[in-house]
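1. prediction below, plus the sequence it came from.
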Number of protein chains: 2
Amino acid sequence: MQKDEELLVALRRVIRAIGLHSKQLNKDVGLTGPQLLVMRNVSIKPGIMVRQIAESITLSPATVTSIIDRLEIKGLVNRIRSIEDKRRVQVFLTEQGKSILADAPLPLQEHFINRFSKLKEWEQSQLVATMQRIGSMMDAEGIDASPVLEVGSLSEKV
Amino acid sequence: MQKDEELLVALRRVIRAIGLHSKQLNKDVGLTGPQLLVMRNVSIKPGIMVRQIAESITLSPATVTSIIDRLEIKGLVNRIRSIEDKRRVQVFLTEQGKSILADAPLPLQEHFINRFSKLKEWEQSQLVATMQRIGSMMDAEGIDASPVLEVGSLSEKV
DNA sequence: TTTAAATAGTTCGTGTTCTAATTAAATTAT
DNA sequence: ATAATTTAATTAGAACACGAACTATTTAAA
């Protein structure tokens, strides 16, 4: 097998692991990974626009709409149409949404974070550098992919 | 930004890049990335079982079934139930499937492959090894995915 | 001012992906 | 030999993800 194929297989495995974790999350907490990411965004910036959420977690607006649909049905978020600009829709957490989010785990496997954090500094750097390198080779740099993983901290996002 | 967050941002970008490439592929050639992967597997090993395809591209059998459904509708593959073991379904390329696959691009961006192929051997290995390492760190401990050895050549798998 | 263009969000159609449940067949155990 | 188990594939149902087309609104241009 060629190296690039091996790389693709390895990438697929990682993608799958993330997806499986999302499914497991849904069983455990009732929220999938993407749903959790959306809620964390809303938590950081109540009244955030759909477009802003989409950009911040690197998804299309259409996808975010469907995720918010499900969150709204569950009673975890509210949509409110802006008065200044009636095209805009602002999203807020409900009380129930807040309390559920407070107990929810991270959107990525604790398992992984734990293991990663136990690596030596230079090993971590090496893993990061490699991923970034692959990303840049795929020309994925232009895509704003900052997921809201730092939401645990209280720092306000742009 | 913490190292694990950086890693995950980079990962998200790569995942998204692969997804977008798959969509583009579908527009250009009429085949998505996963469909292409399935066809390449069938091409290498005509009569391959659904289960084998699933393992080789790291998908559940259910997913492969649905991908083969679409390929069959397009007339690119055939299903034939095995005679020795009637539980098995063997998959073959049709003539049309062969000719389409012959002209189809690789499942990763050409762009990426070109750049990747220009790296030195040891650099390629290092990128692959790192991805495999991340994959194994994310694996739910159930799967003993000995990364390097298990990813044997497709043509050698039986 | 009336028209044209841009923006925000949604809807629609297609495709991917999973688990759980189902059907069918082969294997093992009693 | 019959029953229980395992294996192979499919189906059903849910969530996700995208682009394209649509509605409504705002802004810019003529």
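-> Yes, it's here. Numbering: from 1, shown residues only, chains lettered A, B, ... in the order given.

2. same for the host helix or strand of A:Ala54, what does it pack against?
-> In this structure, A:Ala54 sits in helix A:50-56 according to DSSP states H and E. Judged by 3 or more C-beta pairs under 8 Å, 6 or more residues apart in numbering or on different chains; DSSP states H and E, helix A:50-56 is in contact with helix A:33-44, helix A:61-73, strand A:89-93. C-betas here are computed from N, CA, C, even on glycine.

3. can I get the ones you listed in CSV with distance to A:Leu106 and mean neighbour count?
-> Below are these laid out as CSV (distance: least, C-beta to C-beta, whole Å; neighbours: other C-beta atoms under 10 Å in any protein chain shown):
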stretch, distance to A:Leu106, mean neighbour count
helix A:33-44, 8, 23
helix A:61-73, 18, 16
strand A:89-93, 18, 19
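
4. near DNA strand D, which residues of chain A?
-> Chain A comes close to DNA strand D at residues A:22, A:26, A:32-35, A:58-60, A:62-63, A:66-67, A:70, A:84-87, as judged by C-beta under 7 Å from any atom of the strand.

5. follow-up on the earlier one: as a markdown table, the helices and strands packed on helix A:50-56 with mean pLDDT would be great.
-> Formatted as a markdown table, the helices and strands packed on helix A:50-56 follow (pLDDT from 0 to 100):
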| stretch | mean pLDDT |
| --- | --- |
| helix A:33-44 | 92 |
| helix A:61-73 | 96 |
| strand A:89-93 | 97 |
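
6. switch those over to CSV; also include distance to chain B.
-> Output for these, formatted as CSV (distance: least, C-beta to the nearest C-beta, whole Å):
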stretch, distance to chain B
helix A:33-44, 10
helix A:61-73, 11
strand A:89-93, 21
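
7. nearest to A:Trp122 among those would be which one?
-> Evaluated with C-beta to C-beta, the helices and strands packed on helix A:50-56 place helix A:33-44 nearest to A:Trp122, the distance being 29.3 Å.

8. centroid residue for chain A?
-> Centroid check for chain A by C-alpha atoms, centre = their mean gives A:Leu37 as the closest residue, at 3.8 Å.

9. my guess is it contacts A:Thr58. True?
-> No. Applying C-beta atoms under 8 Å as the test, A:Leu37 and A:Thr58 come out as separate, 9.6 Å apart.

10. by contact count, what packs against the helix or strand of chain A with the lowest mean pLDDT?
-> Every helix and strand in chain A was compared by mean pLDDT, DSSP states H and E; the lowest is helix A:110-117, with a mean of 87. On a contact count with 3+ C-beta pairs under 8 Å, 6+ apart, helix A:110-117 meets helix B:3-29, helix B:121-138.

11. Provide the contact partners of the shortest one at residue level.
-> Counting contacts by C-beta atoms under 8 Å, 6 or more residues apart in numbering or on different chains, the residues outside helix B:121-138 that touch it are A:3-4, A:6-7, A:10-11, A:13-14, A:17-18, A:21, A:109, A:111-112, A:115-116, A:126-127, A:130-131, A:133-134, B:7, B:11, B:116, B:119, B:145, B:147-148, B:151.

12. so which strand or helix has A:Gly97?
-> Assigned by DSSP H and E, A:Gly97 falls within helix A:95-103.

13. tell me the buried residues in that helix?
-> Residues of helix A:95-103 classed as buried: A:Gly97, A:Ile100, A:Leu101 (neighbour count, 16 or more other C-beta atoms under 10 Å in any protein chain shown).

14. and the contacts of helix B:121-138, which of them are buried?
-> A:3-4, A:6-7, A:10-11, A:13-14, A:17-18, A:21, A:109, A:112, A:116, A:127, A:130-131, A:133-134, B:7, B:11, B:116, B:145, B:147, B:151.

15. before we move on, the earlier item: so which of the buried residues of helix A:95-103 is the closest to DNA strand C?
-> Using C-beta to the nearest atom of the strand, the shortest approach to DNA strand C within the buried residues of helix A:95-103 belongs to A:Gly97, at 16.2 Å.

16. any idea how far A:Pro61 is from that closest one?
-> Remark: distance between A:Gly97 and A:Pro61 (C-beta to C-beta, to the nearest Å) = 21 Å.

17. quick check: which ranges of chain A have low pLDDT?
-> Scanning chain A for pLDDT under 70 picks out the ranges A:139-158.

18. flag every residue of it that's near DNA strand C.
-> Proximity of chain A to DNA strand C, by C-beta under 7 Å from any atom of the strand, involves residues A:15-16, A:19-20, A:23, A:27, A:49-52, A:61-62, A:64-66, A:68-69, A:79, A:85, A:87-90.

19. okay, now A:Arg79: neighbour count?
-> Residues within reach of A:Arg79, counting by other C-beta atoms under 10 Å in any protein chain shown, total 14.

20. should've said A:Met49
-> 18.

21. residues contacting the closest residue to it other than its chain neighbours?
-> In space, and not counting its chain neighbours, A:Met49 is closest to A:Arg88: 5.5 Å by C-beta to C-beta, 6 or more residues apart in numbering or on different chains. A:Arg88 is in contact with A:Met49, A:Arg81, A:Ser82, counting by C-beta under 8 Å, 6+ apart.

22. alright, I will stop here.
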